[in-house]
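Visitor: Whatever this is, show me its structure:
(chains A and B)
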Amino acid sequence: MGGWAIAVHGGAGVDPNLPPERQDQAKQLLTRCLNLGISALRSSLPAVDVVELVVRELETDPFFNSGRGSALTEKGTVEMEASIMDGCGRRCGAVSGITTVKNPVSLARLVMDKSPHSYLAFSGAQEFAKQQGVEMVDNEYFITEDNKGMLKLAKEANTIMFDYRIPAVGLETCSFAVESPLQMNGLPISVYAPETVGCVVVDGQGRCAAATSTGGLMNKMTGRIGDSPMIGAGTYACNLCGISCTGEGEAIIRGTLARDVAAVMEYKGLGLQEAVDFVIKERLDEGKAGLIAVSNNGEVAYGFNCVGMFRGCATEDGFMEVGIWE
Amino acid sequence: MDKRVGPSWLRFQPLRGSLPLLPVNAQIEREAQRERHGVTQRRMGWAIALHGGAGEIPPTLPPERRQPREAALRHCLEIGISALKADQHPLDVRELENNPNFNAGRGSVLTSNGTVEMEACIMDGNTKKCGAVSGLTTVVNAISLARLVMEKTPHIYLGFDGAEAFAREQGVETIETSHFITLENVDRLKQAKEANRVQIDYTPPFQKEVKEETDIRGGDSQIGTVGCVAVDCHGNLATATSTGGLVNKMVGRIGDTPIIGAGTYANSFCAVSATGKGESIIRATVARDVAALMEYKGLSLKDAAAYTIEECTPRGTAGLIAVSATGEVTMPFNTTGMFRACATEDGHTEVAIWPSA
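Guide: Numbering: from 1, shown residues only, chains lettered A, B, ... in the order given. Just a heads-up that it's a prediction; the model follows:
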């Protein structure tokens, strides 16, 4: 084993009725991001730089729920969060409540590199962003028409009994199949925005890193913080591995999912795939989530217990795969 | 648990006055799980531990700085013990928050802007339900708000304006932010700014008679973070932590306290509350690691806690209190001292600051 490896994800919990064009779009985006990461790895960029680079690309593209294209709060605004962790020394940085910073993952990186702290949020984080001169835009930049429509439906779904038929309102992107009563975080799968994007990398020197970014849960209370900025929950990296999780934030936090993958490797001696499978099976109780992981041996693995996870992975020996379903 | 559909938060029953008892089959499963991991079946009864922060507490701490804190810990310990004896919810971090000698609630240390931003976290070991809040400026008891987040919202963690708004919706006690600011802390902030640094939990307030070259950390000490862990006579575990954070921290800085797995964690094996340098505790996922070492490596509570403090965090950065499902208590720290207290059903009680002989 050995060599570099990379995995990306665009969120777990996918509407099984997602139209084929959207599925293709997703796969193309994942492929593009993988290739971006792969060239960076081939030019010997360190793992922590690669994860930041790739997540920036995912944030900038409006397709997934992060950066532009983030899910909306109950007030119709965007509040983003992100975290990054460098397996070397387990340095970490995280931000929450970001409203005008174009790439939250880069702000998280700056918290890690340029501040005495690990985690900054809301106005304090925004202030830090200004001081650091990062690219800022209006909150409207992040809001897409798709998500405005989704928010409306989510609000209706929240006030409707579960088995009530949700009227289709001409949104071609998703259909509302009451016959398949799938839910994530209390929302019907058709309006649930798979939370987060993420990237995990082990570089040619065996260094692991992980980064995760999100707009959070559709129709969330303002001020709600999920698993993505929480070191040990949504993101974790140490000298053994790097992990990024996605799905029901509350379940991931309660299960300290990312840390647990590393902990069972460290304390129980499990291999990467075994550890991933164990955590998905045993640590989620009734929660629905997925994760991607790499090990310092150049392995890559993923797992999820819900319907679909947008993901892609590649290793130095030429393996490459992009997928959505089982 | 049944697999019926519906919003996930409806499946949970809100905690009432006492910790929830496990349904019988879950209890059996938990016992079996512990047996598989070699944890002793013999239950030692209830246990409780409290801390008022870890750091460079100098042995020369004058009595007038030491005694009020010891008294407060003793008082809170007694409240907790009575609750446990009466089979009620023992987590009484509120009392510690109200005491201005501790860095939580009133007495919280100040941000670089001279404001308070408080955070707290609570977790129930059996259900792994949790609640956390950050960036509070007017809520009198942050820990109570954290509990409401756990019980009354579909979320786990609310911060800043959103958390303050939720507090008002819930009608919890709020007060103007100046209530939380003490003169001592204004002095500490001034001192920290002069030294141009962010200070960890322990820093003495500026004393004019102390020469500049005297170790700034000598003399008095500020107490950082308060926490409480408890296990009742049924083996139900719970933890709660609350803090004002670091002196001169950047506005918006979040520490380890509200991060599940870092400063606070409880599952069916143990309940943990940590204190010290937040950034180190987050990196080492201290609270989760104590439980993980017990679960995955079969270590005892004492060994798991000692390992985490000695091997996983740098010297001078952390301390923790923990109880196990079988009623054991441990309170290790790698700093000069840690304000702490504990009691177990068999009658052992302890209130201490420095390492026991």
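
Visitor: What residue, apart from its backbone neighbours, is nearest the residue in the stretch 51-200 of chain A that chain B sits nearest to spatially?
Guide: Proximity of the stretch 51-200 of chain A to chain B (CB to the nearest CB) peaks at residue A:124, 1.6 Å away. In short, each C-beta sits where N, CA and C put it, glycine included. Using CB to CB, 6 or more residues apart in numbering or on different chains and skipping the chain neighbours, the partner closest in space to residue A:124 is residue B:252 (1.6 Å).

Visitor: try residue B:321
Guide: Nearest non-adjacent residue to residue B:321, counting by CB to CB, 6+ apart: residue B:49, 3.9 Å away.

Visitor: The residue nearest to residue A:124: neighbouring residues, count only.
Guide: The number of residues packed near residue B:252 is 26, by other CB atoms under 10 Å in any protein chain shown.

Visitor: That one: what's it in contact with?
Guide: A:97, A:120-128, B:117, B:135, B:160 (CB atoms under 8 Å, 6 or more residues apart in numbering or on different chains).

Visitor: buried set for stretch A:23-31?
Guide: A:26-27, A:29-30 (16 or more other CB atoms under 10 Å in any protein chain shown).

Visitor: List the contacts of that stretch.
Guide: Applying CB under 8 Å, 6+ apart, the external contacts of stretch A:23-31 come out as A:8, A:10, A:58, A:61, A:63-64, A:310-312, A:322-324.

Visitor: and that stretch, average pLDDT?
Guide: What stretch A:23-31 shows for mean pLDDT is 96.

Visitor: just stretch B:264-281 next, same as before
Guide: Averaging pLDDT along stretch B:264-281 gives 96.

Visitor: can you give me the strands in the stretch 101-250 of chain A?
Guide: Along the stretch 101-250 of chain A, the segments classed as strands by DSSP state E, counting those that start in this stretch run A:119-121, A:183-184, A:187-188, A:197-202, A:208-214, A:224-225, A:235-237, A:241-247.

Visitor: ranking the ones you listed by mean pLDDT, which is last?
Guide: strand A:187-188 has the lowest average pLDDT among the strands of the stretch 101-250 of chain A, namely a mean of 79.

Visitor: thought residue B:288 was touching residue A:256?
Guide: Yes. With contact defined as CB atoms under 8 Å, residue B:288 and residue A:256 form a contacting pair (4.9 Å).

Visitor: For residue B:140, see how far away the residue nearest to residue A:124 is.
Guide: 22 Å (CB to CB, to the nearest Å).

Visitor: Looking at the buried residues of stretch A:23-31, which is nearest residue A:104?
Guide: For the buried residues of stretch A:23-31, the minimum distance to residue A:104 (CB to CB) is 18.1 Å, reached by residue A:29.

Visitor: And the helix or strand in which the closest one is found, how far out from the chain middle?
Guide: In this assignment (DSSP states H and E), residue A:29 forms part of helix A:20-42. How far helix A:20-42 lies from its chain's middle: 15 Å, per CA atoms, centre = their mean, to the nearest Å.

Visitor: How are the helices of the stretch 1-150 of chain B distributed by residue range?
Guide: B:24-36, B:63-85, B:93-98, B:142-152 (DSSP state H, counting those that start in this stretch).

Visitor: Do me a favour and average the pLDDT over the longest one.
Guide: The predicted model gives helix B:63-85 an average pLDDT of 89.

Visitor: packing partners for it?
Guide: If contacts are counted by 3 or more CB pairs under 8 Å, 6 or more residues apart in numbering or on different chains; DSSP states H and E, helix B:63-85 sits against strand B:47-55, helix B:93-98, strand B:226-231, strand B:337-344, strand B:349-352.

Visitor: who wins for proximity to residue B:174 among the ones you listed?
Guide: Per CB to CB, nearest to residue B:174 of the helices and strands packed on helix B:63-85: helix B:93-98, 13.5 Å.

Visitor: Just want the angle from whatever helix or strand residue B:308 lives in to strand B:47-55.
Guide: Assigning secondary structure by DSSP H and E places residue B:308 in helix B:301-311. Helix B:301-311 runs at 10 degrees relative to strand B:47-55, counting by axes from the mean of the first three to the mean of the last three CA atoms, to 10 degrees.

Visitor: Contacts for helix B:301-311 next, please.
Guide: Helix B:301-311 is touched from outside by B:270, B:272, B:284, B:286, B:289-291, B:293-294, B:297, B:299, B:318-320, B:322-324, B:328-330, B:332-334, with contacts defined as CB under 8 Å, 6+ apart.

Visitor: check these against chain A, which are close?
Guide: With the criterion set as CB under 8 Å from any CB of the partner chain, the members of these near chain A are B:284, B:289, B:293, B:297.

Visitor: So which bits of the stretch 151-300 of chain A are right by chain B?
Guide: Residues of the stretch 151-300 of chain A lying close to chain B by CB under 8 Å from any CB are A:158, A:162, A:181, A:183, A:185-186, A:217, A:220-226, A:230-233, A:236, A:248-250, A:253-256, A:259-260, A:263-264, A:267-268, A:285-286.

Visitor: PyMOL command to pick out the buried ones of those residues?
Guide: Typed into PyMOL, the line below selects the buried ones among these, using 16+ other CB under 10 Å:
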select buried, chain A and resi 158+183+185+186+217+220+221+222+223+224+225+226+230+231+232+233+236+248+249+250+253+254+255+256+259+260+263+264+267
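
Visitor: which residues of the stretch 1-150 of chain B score low on pLDDT?
Guide: B:1-44, B:89-96, B:100-101 (pLDDT under 70).

Visitor: Need phi/psi at residue A:206.
Guide: Backbone torsions of residue A:206, given as degrees, to the nearest 10, read phi 80, psi 10.

Visitor: Report the contact partners of it.
Guide: The contact partners of residue A:206, taken as CB under 8 Å, 6+ apart, are A:2, A:296-298.

Visitor: try 10 Å this time
Guide: A:2-4, A:47, A:87-88, A:239-240, A:295-298 (CB atoms under 10 Å, 6 or more residues apart in numbering or on different chains).

Visitor: can you give me the strands for chain B?
Guide: B:47-55, B:118-124, B:130-136, B:157-159, B:226-231, B:237-243, B:264-266, B:270-276, B:318-324, B:329-330, B:337-344, B:349-352 (DSSP state E).
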